[in-house]
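Colleague: sequence? don't have it. structure:
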């Protein structure tokens, strides 16, 4: 089902508004401006739609339990509704995920909403260096895919407390000894570049993918020229902030001139991020439950929603 922005925005009257502009300002990512008009037009209706999916999943679970009830059998634990958010570097996945986390947590039936990014499941830099794939960081082979699948299986299985590794964008590496604890949330949002990758099938082994654990998934899409410019804008913003901090992996970039910084950003985009988009990320777009298409100003211009 295709919805143009104006069509989708008409659904806003059926949805409460639980966020303020201050909430939105706090979670907006670098180079990804968003305001209350975007929240009202796109994210309010989406949060209401997702509540329908959550409620439907819960009804099915209750009916299954009733049908399969056996005297003396242990009670089936509640499991979270898992949402995947995918898309290119710099397309605005993080802002989408954080907005959904805030909106969905304001609903009475889903107060506990956790957010995990797949950056925490990147292999440590030492391992990437040992394997000779440091330049392919962010490509599928740079992740501990099995650890991510094990994490999602434990969460979906209703395990009391599950831990995920922590990644530092400042140090550009996994933080030893640190973890995020997820304890039976109502909803878990999983954000990352390659979360919609199909399973890797090996002879004699079952093919399991990260997206097998998703109840709903969103692909954030935009024209490649727009995404490249957003990446350059973000790089320039980080050059003046995070890159200049003590211990930053990218501190050498902090002293670049505007022209040098833009040239460096475009070089990185074309050498790493664009090939990853073409080879691995974009081909997964049709697997999403919903596709956002953004315009040049980060406004969602149209939405595609699977009918099933």
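Modeller: In hand now; what should we look at? Remember, predicted model here, so these are calculated numbers, not experimental data.
Colleague: buried ones in stretch 2-17?
Modeller: 3, 5, 8-9, 11-12, 15 (16 or more other C-beta atoms under 10 Å). No exception for glycine: its C-beta is placed from N, CA and C like everyone else's.
Colleague: ok, stretch 19-26 next?
Modeller: For stretch 19-26, using 16+ other C-beta under 10 Å, the buried residues are 19, 23-24.
Colleague: JSON lines please, covering these and showing pLDDT and distance to residue 181.
Modeller: Below are the buried residues of stretch 19-26 laid out as JSON lines (pLDDT from 0 to 100; distance: C-beta to C-beta, whole Å):
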{"residue": "19", "pLDDT": "75", "distance to residue 181": "25"}
{"residue": "23", "pLDDT": "79", "distance to residue 181": "24"}
{"residue": "24", "pLDDT": "77", "distance to residue 181": "27"}
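Colleague: if we can go back for a sec, in a markdown table: the buried residues of stretch 2-17, plus pLDDT.
Modeller: Formatted as a markdown table, the buried residues of stretch 2-17 follow (pLDDT from 0 to 100):
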| residue | pLDDT |
| --- | --- |
| 3 | 96 |
| 5 | 95 |
| 8 | 95 |
| 9 | 93 |
| 11 | 93 |
| 12 | 88 |
| 15 | 85 |
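Colleague: between which two of those residues is the distance greatest?
Modeller: 5 and 15 (15.7 Å; C-beta to C-beta).
Colleague: from the buried residues of stretch 2-17, which is closest to residue 226?
Modeller: Among the buried residues of stretch 2-17, and counting by C-beta to C-beta, the member closest to residue 226 is residue 5, at 15.9 Å.
Colleague: looking at it, that closest one is touching residue 293, isn't it?
Modeller: No: the pair residue 5 / residue 293 is not scored as a contact, 9.5 Å apart, by C-beta atoms under 8 Å.
Colleague: sorry, back to before: which of the buried residues of stretch 2-17 fall in strands?
Modeller: Within the buried residues of stretch 2-17, residues falling in strands by DSSP state E are residue 3.
Colleague: the buried residues of stretch 2-17 in helices, which ones?
Modeller: When DSSP state H is applied, these are split such that 5, 8-9 fall in helices.
Colleague: tabulate those residues (TSV), appending distance to residue 134.
Modeller: Below are those laid out as TSV (distance: C-beta to C-beta, whole Å):
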residue	distance to residue 134
5	41
8	42
9	44
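Colleague: what's the closest of these to residue 110?
Modeller: Relative to residue 110, and with distances defined as C-beta to C-beta, the nearest of these is residue 8, at 21.4 Å.
Colleague: can you give me the strands for this protein?
Modeller: 2-4, 81-87, 113-117, 162-168, 173-182, 187-191, 216-222, 290-294, 300-305.
Colleague: what angle sits between the third one and strand 173-182?
Modeller: It stands for strand 113-117. Strand 113-117 runs at 160 degrees relative to strand 173-182, counting by axes from the mean of the first three to the mean of the last three C-alpha atoms, to 10 degrees.
Colleague: strand 113-117 pairs with which strands, and in what direction?
Modeller: Using DSSP bridges, strand 113-117 pairs in its sheet with strand 187-191 (parallel).
Colleague: again with the longest one
Modeller: Looking at strand 173-182 with DSSP bridges, its paired strands and their directions are strand 162-168 (antiparallel).
Colleague: how far out from the middle of the chain is the partner strand?
Modeller: Chain-centre distance of strand 162-168: 15 Å, with C-alpha atoms, centre = their mean, to the nearest Å.
Colleague: on that earlier part again, and for residue 5 and residue 293, which residues touch both?
Modeller: By C-beta atoms under 8 Å, 6 or more residues apart in numbering, residue 5 and residue 293 have these common neighbours: 300-302.
Colleague: can I get the residues you listed in TSV including neighbour count?
Modeller: As requested, the shared contacts of residue 5 and residue 293 are exported to TSV (neighbours: other C-beta atoms under 10 Å):
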residue	neighbour count
300	24
301	16
302	17
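Colleague: got JSON lines for these, with distance to residue 289 and pLDDT too?
Modeller: Shown next, in JSON lines, are the shared contacts of residue 5 and residue 293 (distance: C-beta to C-beta, whole Å; pLDDT from 0 to 100):
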{"residue": "300", "distance to residue 289": "15", "pLDDT": "96"}
{"residue": "301", "distance to residue 289": "19", "pLDDT": "97"}
{"residue": "302", "distance to residue 289": "15", "pLDDT": "97"}
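Colleague: from those residues, pick the one nearest residue 283.
Modeller: Checking the shared contacts of residue 5 and residue 293 one by one against residue 283 (C-beta to C-beta), the nearest turns out to be residue 302, at 20.3 Å.
Colleague: what's across from the nearest residue to the closest one once chain neighbours are set aside in the sheet?
Modeller: In space, and not counting its chain neighbours, residue 302 is closest to residue 293: 4.8 Å by C-beta to C-beta, 6 or more residues apart in numbering. Listed beta-bridge partners, residue 293: residue 221, residue 302 (assigned using DSSP bridges).
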